[in-house]
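Visitor: sequence isn't available, so here's the structure alone:
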């Protein structure tokens, strides 16, 4: 029996890749899309999307009331993504969310709702399996090389900075790294922000340029040595294996899971 899927954000670069992935996966069935501009149309009416007679809704609540679905894939912006995820959980639809930028308070709200309703939810700052492995390696390395900085680089249309992946990487590093302040104690910025954001002494630098997709370096320094752990996504197909894995796994969960690494273990 196929898994019935709703996709939020089908016109976006990630969303259109997800539409094609679901359409090409025998065990998935695309049953609806959420889009703020094309209410009442079909997926076939949108340029560069498959020739599918799948309905498009603007109002997520109307969609969830009228369409029987198992999973919501949300690849929109943080505000819309939070609303869609919260409503999906209320309608017993399992969310798979690739929207970064949720606050800790929002994640707690969704986690509580997921637990109360006994329904799975996966939120992943990054769906690229290679990026998740990069984060895991970064966590291990920080135990031995605690002086570390993160450089994340994304396309210039990304709304949040630092990226959810960089924040997640820093959080994972903190699990093994002893807290410390890095650099010279009398260091000062001649220009505000020159040293990037700071969390627990870890510096995070965000680059936004056209031509980039999603890239991150974690750089460690020690006496006489440096170590760089790097991952690059050159196109958005790199995220689809993680999305597909999450759709298959969320069906079996009864709580919220934050981070793709939790279902790779």
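Guide: Noted; the coordinates are in hand. Note that the coordinates shown come from a computational prediction; the quantities given were computed from them, not determined experimentally. Numbering: from 1, shown residues only.
Visitor: helices of the stretch 101-250 of the chain, residue ranges please.
Guide: In the stretch 101-250 of the chain, the helices defined using DSSP state H, counting those that start in this stretch lie at 104-117, 129-142, 164-174, 240-250.
Visitor: and these: which comes nearest residue 78?
Guide: helix 104-117 (8.1 Å; Cβ to Cβ). Any C-beta I mention is one placed from the backbone N, CA and C, and that applies to glycine too.
Visitor: what number of residues are in the vicinity of the residue lying closest to residue 40 once chain neighbours are set aside?
Guide: Counting by Cβ to Cβ, 6 or more residues apart in numbering, residue 40 lies nearest to residue 56, which is 7.1 Å off, once chain neighbours are set aside. Counted by other Cβ atoms under 10 Å, the residues lying close to residue 56 total 23.
Visitor: number the residues from 50 up from this point.
Guide: In the new count, where the first residue is 50, that last one comes out as residue 105.
Visitor: got a list of what residue 105 touches?
Guide: Residues near residue 105 by Cβ atoms under 8 Å, 6 or more residues apart in numbering: 59, 81-84, 87-92, 94-95.
Visitor: how much space between the residue of the chain positioned farthest from its centre and residue 245?
Guide: Most distant from the centre of the chain: residue 235, at 36.8 Å, with distances by Cα atoms, centre = their mean. Distance, residue 235 to residue 245, using Cβ to Cβ, to the nearest Å: 18 Å.
Visitor: kindly report the same for residue 79.
Guide: Residue 79 is 40 Å from residue 245, by Cβ to Cβ.
Visitor: kindly report the same for residue 171.
Guide: 29 Å.
Visitor: buried ones in the helix or strand residue 133 falls within?
Guide: Using DSSP states H and E, residue 133 maps to helix 127-139. Within helix 127-139, the residues that qualify as buried are 127, 129-131, 133-138, counting by 16 or more other Cβ atoms under 10 Å.
Visitor: following it, which helix or strand comes up?
Guide: Once the chain leaves helix 127-139, the next helix or strand it forms, by DSSP H and E, is strand 143-146.
Visitor: just the mean pLDDT for that following strand, thanks.
Guide: Taken as a whole, strand 143-146 carries a mean pLDDT of 98.
Visitor: neighbours of residue 228, how many?
Guide: So residue 228, with other Cβ under 10 Å, has 9 neighbours.
Visitor: can you check residue 88 too?
Guide: Neighbour number of residue 88 under other Cβ under 10 Å is 14.
Visitor: contact partners for it?
Guide: Residue 88 sits next to 105-108 when contact means Cβ under 8 Å, 6+ apart.
Visitor: of the residues you listed, buried ones?
Guide: 105-106.
Visitor: and the contacts of residue 88 as CSV, adding secondary structure, pLDDT and distance to residue 204?
Guide: Compiled in CSV, the contacts of residue 88 are given as follows (DSSP: H, G, I helix; E, B strand; the rest coil; pLDDT from 0 to 100; distance: Cβ to Cβ, whole Å):
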residue, secondary structure, pLDDT, distance to residue 204
105, strand, 97, 25
106, strand, 97, 28
107, coil, 95, 26
108, coil, 96, 29
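Visitor: from the contacts of residue 88, which two are the most distant?
Guide: Of all pairs in the contacts of residue 88, the most separated under Cβ to Cβ is 105 and 108 at 11.0 Å.
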